[in-house]
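*Asks:* Dropping the sequence and predicted coords here.
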Amino acid sequence: MRNIDCNDDRSHARVQAKYETGDQVKPTRHRRAPCSNNGGRELTVKAERSILRLDMPRLARRVLIGSVIGVMLPIVAATSASASSTVVVRPSSMDGWAVQARDANGNPVSLNDSYCNGSVSFVNGPATPPLGVGSVELKTGNGTTGGDCSAEMRNSAYTGVTLASLTALAYSTYDVTNNGQQFPYLELNINTTGTGTTPDDALFFEPPYQATGAGGTDCAHQAATNLNTWQNWDALSGCWWDNNAILNAGTGTGTLVDYMATYPNATIVNSSTGGGVHLVVGFASPADRFDGSVDAFTINATTYNFEPNLPASCPGGFAITTPSPLPSATHGVSYSATLSGCGGTPPYRFVKMGRLPRGLKLSHSGLISGTPKKAGTSTFKVKMTDKAKKHKNAVTQTYSITVN
């Protein structure tokens, strides 16, 4: 995460909270999001009722109740469920989950559309996920447009579940690219009375507020955020803020118990455009780019393990499955692509044989990332091996990347 100058007006994010009530999106207030002089570890937040200049924010994140992120109730110490289960979620078996991209106004748009560039992909890796071999990758924005859109996973199966009944709420993230502060976040659509079926508030759990000193004193006791590593987040006992300003961003965040002191009957409900539990990236400034993966989402006794589809067949019994050429890159713009394999004994190890475009590197987990420094087309080979104990499998494949 890059350092941010808190004395620079552009460092302060404009957060426009909106309610998604039925088919209407009603604007409420504007809020400043975390600003850091230490790579996101020390966050200061100010809330404003006035509208900030539209040209001020560089790291803005626009939050909509109907967006995706889940809420997790920090009610009392979580108790272990008597019958916990793990559900594998794949594109072929979504089990209540749905993928979605939305524009800056909260309207659903096609994945990979020309402005938003929002995508939701079930991938192997990155690195070693907390469960299985895969995760779900959320991306939006191309460095010029689309950072004000979203990429989301939404679950509609938890409408009617009260916050008071939550016994576990957690998830894991692996963030590659952000605007200097935002990590994949969890949102819950809430009906505050527990008697309605449409949301009149939304709760947000954001990883940057969970470190000591970054959030409320009764909830900020987790690790500081870091890029390119898996991190586990306990949302049940963590820091939240909401659109009704019962809890506020930064040091004004609080636990779900704090929230329920005002809304004891608060209940998760679905919105008109999707489920009430969301995992989200985006809703920021147009020029921002977001690329983050999520896995091991737990709510009550159920943990969701996000995995790619199993290949119908694996060529030769062991193969690199990512096709060539790889997606094109843009000179001076952050890039990432993930290599996948099948067969053998995972996890796989990837090693480059040849030169990638200048500025890019290949991790052993198969992640190609970096910022290209020169236009042109590069061709190289990649070798993949597995973890078989006696006779390791190995295969090579030729790839090309064009930098525009």
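*Replies:* Noted; the coordinates are in hand. Since we're looking at a predicted model, the values are computed, not measured. Residues are numbered from 1 along each chain as shown.

*Asks:* Now residue 226: which helix or strand?
*Replies:* Per DSSP states H and E, residue 226 falls between elements, in no helix or strand.

*Asks:* Any idea how many residues pack against it?
*Replies:* Applying other C-beta atoms under 10 Å, we find 17 residues neighbouring residue 226. In this view, the C-beta of every residue, glycine as well, is placed from N, C-alpha and C.

*Asks:* just residue 374 next, same as before
*Replies:* Around residue 374 there are 11 other residues, counting by other C-beta under 10 Å.

*Asks:* is it true that it touches residue 403?
*Replies:* Yes. Counting by C-beta atoms under 8 Å, residue 403 is a contact partner of residue 374 at 6.6 Å.

*Asks:* Now do the shared contacts for these two.
*Replies:* Contact with both residue 374 and residue 403 is made by residues 331, 357, according to C-beta atoms under 8 Å, 6 or more residues apart in numbering.

*Asks:* show me the contacts for the residue lying closest to residue 197 once chain neighbours are set aside.
*Replies:* Excluding the flanking residues, the one nearest residue 197 by C-beta to C-beta, 6 or more residues apart in numbering is residue 269, at 5.8 Å. Taking C-beta under 8 Å, 6+ apart as the criterion, residue 269 is in contact with 159, 160, 189, 190, 191, 196, 197, 198, 199, 276.

*Asks:* what are the bridge partners for the fifth one, then?
*Replies:* This points to residue 191. Residues in a beta bridge with residue 191, per DSSP bridges, are residue 267.

*Asks:* Distance check, the residue nearest to residue 197 against residue 246.
*Replies:* Using C-beta to C-beta, to the nearest Å, residue 269 is found at 17 Å from residue 246.

*Asks:* same check, this time on residue 391
*Replies:* Shown here: residue 391 relative to residue 246, a distance of 60 Å by C-beta to C-beta.

*Asks:* Buried ones only from the contacts of residue 269, please, as a PyMOL command.
*Replies:* Of the contacts of residue 269, the buried ones can be selected in PyMOL as follows, counting by 16 or more other C-beta atoms under 10 Å:
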select buried, resi 159+189+190+191+198+199+276
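
*Asks:* thinking again about what came up before, neighbour count: residue 391 and residue 246, which is higher?
*Replies:* residue 246 (20 against 8).

*Asks:* Just give the nearest non-adjacent residue to the more buried one, would you?
*Replies:* Nearest residue to residue 246, sequence neighbours excluded (C-beta to C-beta, 6+ apart): residue 262, at 5.0 Å.

*Asks:* Surely that neighbour is in contact with residue 245?
*Replies:* No. If you go by C-beta under 8 Å, residue 262 and residue 245 don't touch, sitting 10.5 Å apart.

*Asks:* Give me the more crowded residue out of the two.
*Replies:* Using other C-beta under 10 Å as the criterion, residue 262 and residue 245 rank with residue 245 on top: 16 against 13.

*Asks:* any idea how far residue 367 is from that one?
*Replies:* Distance, residue 245 to residue 367, by C-beta to C-beta: 39 Å.

*Asks:* do residue 89 as well
*Replies:* Going from residue 89 to residue 367 by C-beta to C-beta gives 21 Å.

*Asks:* Contacts only, for the closest residue to residue 142 other than its chain neighbours.
*Replies:* Spatial nearest neighbour of residue 142, excluding adjacent residues (C-beta to C-beta, 6+ apart): residue 117 at 4.7 Å. Going by C-beta under 8 Å, 6+ apart, residue 117 touches 139, 140, 141, 142, 145, 146, 149.

*Asks:* Can you lay out these as JSON lines showing secondary structure and pLDDT?
*Replies:* Formatted as JSON lines, the contacts of residue 117 follow (DSSP: H, G, I helix; E, B strand; the rest coil; pLDDT from 0 to 100):
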{"residue": "139", "secondary structure": "strand", "pLDDT": "97"}
{"residue": "140", "secondary structure": "strand", "pLDDT": "97"}
{"residue": "141", "secondary structure": "coil", "pLDDT": "95"}
{"residue": "142", "secondary structure": "coil", "pLDDT": "92"}
{"residue": "145", "secondary structure": "coil", "pLDDT": "96"}
{"residue": "146", "secondary structure": "coil", "pLDDT": "96"}
{"residue": "149", "secondary structure": "coil", "pLDDT": "97"}
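
*Asks:* Among these, which pair sits farthest apart?
*Replies:* Maximum pairwise distance among the contacts of residue 117 (C-beta to C-beta): 13.4 Å, between 139 and 145.

*Asks:* neighbour-wise, which of the two wins?
*Replies:* The residue with more neighbours, out of residue 139 and residue 145, is residue 139; 25 against 17, by other C-beta under 10 Å.
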